[in-house]
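1. Structure of the sequence below:
(chains A and B)
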Amino acid sequence: MNVLQNLNWSKAFTELLPKLVGNALFIVVFATIFGFIIGILFGFMLAIARVSKNKILTRVVILFQELIRGTPLLVQLVYMYYVVPLLIELVAELLGFHGFKLNMTSLIAGTLGLGINYGTYISEVIRGAIVAVDSGQMEAALALGFTPRQSLMRVVVPQALSSSIPVFGNYLVMLVKDTSLMAYITVPEFLLTTKAYCTQTFLTIESYTILAIVYLVICIPLGILTKFIERRCNQSKR
Amino acid sequence: MMQQVRCAMGLLEVRNLKKNFGELNVLQNINIDISKGEVLVVIGPSGSGKSTLLRCMNLLVEPNSGTITYKGQNILAKKFNVPEYRQQVGMCFQRFNLFPFMTVLDNVTFAPRSLLHQKKQEAEEKGYEMLRKVGMESKASVYPGTLSGGQQQRVAIARTLAMNPEIILFDEPTSALDPELVGEVLNVMKALATDGMTMAVVTHEMQFARDVADRVVFMDGGYIVEDSSPEEMFTAPKNERTRTFLSRILNK
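-> Numbering: from 1, shown residues only, chains lettered A, B, ... in the order given. Model prediction:
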């Protein structure tokens, strides 16, 4: 009872919300957009490598995918921020670039980590879509005189991409939520900003409730938009 | 004189062609010639290797041994430019395989623009001309998904024609069609034959074989059992197996 009487929503709203909608929102949008772009480009490259005839390349890609899928995203972000820069410096040292210092901000590391992780999952979506395209499409392109590569890129891939677009939407919504993991590597996004405010004011219930609402306000419309695009994509197929 | 000899030698020569998928011997020692302007029809029961033979001709299937010679060049040679060869050898498929994300006109102009580097206007003029040939000009701007099977196959023929091929391979072009749509496709093919197009057709349409073919080949079990004129094939087949097959298919 006591706790409920002490709730101070108006204070929490007027103080925390501007922080979230300000700098934290910018960071979340940045990480989402660039993480997503990296994810799609990287995922596309992995998918093409997976369907290539080069056995060694395919094996390397499979190994990489297993590494990413077998470790938690949070661990990957930590690794990206704390370990990868050291590894790069080590390699630079071995190559003879003495005193090479790599300054990777936590936001850049987090965005890269998210992008690589999502790219790995997206690559399987794209690969599945490429394999699902009717083999007659490839044959028709080959029979017209296109090379195997041209047939893949100009006939099969466009169809695979258009059928994976709806799935991309779901990944985008997931990515927005997963930016919260970057709090652990000191990126001042929604969660870390809220946590900082909470420890100052002890408005625990208010702070985290507002945090949850902010995520909902972003993710629900995004989800609806995804459904809408999905429906449009299915319609145009008919 | 030399020219005549070359013509007699044939546009496409298949010698001792063998293909097996694992244990299964699909083609066993196939010998066949196609000369310029000839319409060759291949008939036979399913699983006899007809489609595989046709697919070997444009290397969608790679034979295990034997030779295929096109205009005197060995197309199975290591250095042979297969994509360039396929530009001259058109193919129409049983399931049409039109590109569903392109309009009918784009389907027809896609390869000439990309591979023959035709300008957009030139390619489209030619595309319309080809669509007119198959009676599909009015559907130039629609997507293939909205067309009937017969219409799709006619567009597929126009797409092949747009590359100006030396020969067209037809792999059961009417087998996936409703019976009432077969005629429109066969009529287009007949017109092509009359125009002097070299064609190799795998089909179950015996009437078409009888009317249009210059030569009919009967295949069974991976062998060419009989290779003769349509008159002879349909009135006086030499081989027992040919007779059984034809009587079964003509009396159904």
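2. okay, and for chain A, where does confidence drop off?
-> Low-confidence segments of chain A, defined by pLDDT under 70: A:1-4, A:235-238.
3. Could you check which residue of it lies nearest chain B?
-> residue A:145 (3.3 Å; C-beta to the nearest C-beta). For the C-beta atoms, the positions are set from N, CA and C on the backbone; glycine is no exception.
4. Spit out the contact partners of the closest residue to that residue other than its chain neighbours.
-> Leaving out its chain neighbours, the residue that sits closest to residue A:145 by C-beta to C-beta, 6 or more residues apart in numbering or on different chains is residue B:87, at 3.3 Å. Residues in contact with residue B:87, defined by C-beta atoms under 8 Å, 6 or more residues apart in numbering or on different chains, are A:144-145, B:111, B:115-116, B:163, B:165.
5. what about the helices in the chain?
-> With no chain named, the answer covers chain A. A:2-5, A:9-19, A:25-51, A:55-69, A:73-78, A:84-94, A:106-132, A:135-144, A:148-151, A:157-178, A:190-201, A:204-237 (DSSP state H).
6. um, chain B though
-> B:2-9, B:50-57, B:82-88, B:104-115, B:120-133, B:149-161, B:179-194, B:206-212, B:230-235, B:240-250.
7. to the chain's geometric centre, what's the distance from stretch A:111-127?
-> 7 Å (C-alpha atoms, centre = their mean, to the nearest Å).
8. And the contacts of it?
-> In contact with stretch A:111-127 (C-beta under 8 Å, 6+ apart) are residues A:30-31, A:34-47, A:50-51, A:61, A:64-65, A:68-69, A:73, A:76-77, A:79-81, A:160-161, A:164, A:167-168, A:171, A:175, A:178-179, A:182.
9. CA atoms only: put it into CSV for me.
-> Written as CSV, here are the backbone C-alpha positions of stretch A:111-127 (Å, rounded to 0.1, in the frame of the first residue of the first chain):
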residue,chain,number,x,y,z
THR,A,111,25.8,-2.2,-33.9
LEU,A,112,28.4,-4.4,-35.7
GLY,A,113,27.7,-7.3,-33.3
LEU,A,114,23.9,-7.0,-33.8
GLY,A,115,24.4,-6.8,-37.6
ILE,A,116,26.6,-9.8,-37.8
ASN,A,117,24.3,-11.8,-35.5
TYR,A,118,21.2,-10.9,-37.5
GLY,A,119,23.0,-11.3,-40.8
THR,A,120,23.7,-14.9,-39.9
TYR,A,121,20.0,-15.6,-39.2
ILE,A,122,18.9,-13.6,-42.2
SER,A,123,21.3,-15.6,-44.4
GLU,A,124,19.4,-18.7,-43.7
VAL,A,125,16.1,-17.0,-44.6
ILE,A,126,17.6,-15.9,-48.0
ARG,A,127,19.2,-19.2,-48.7
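10. returning to what we had before: check the gap between the residue of chain A closest to chain B and residue B:40 for me.
-> 22 Å (C-beta to C-beta, to the nearest Å).
11. for residue B:249, same thing?
-> Relative to residue B:40, and taking C-beta to C-beta, residue B:249 is found at 19 Å.
12. Which residue does the stretch 1-150 of chain B have closest to chain A?
-> Counting by C-beta to the nearest C-beta, the stretch 1-150 of chain B gets nearest to chain A through residue B:87 (3.3 Å).
13. Residue numbers of chain A in contact with chain B?
-> Within chain A, the positions near chain B by C-beta under 8 Å from any C-beta of the partner chain are A:134, A:136-137, A:139-147, A:150, A:154-155, A:158-159, A:162, A:237-238.
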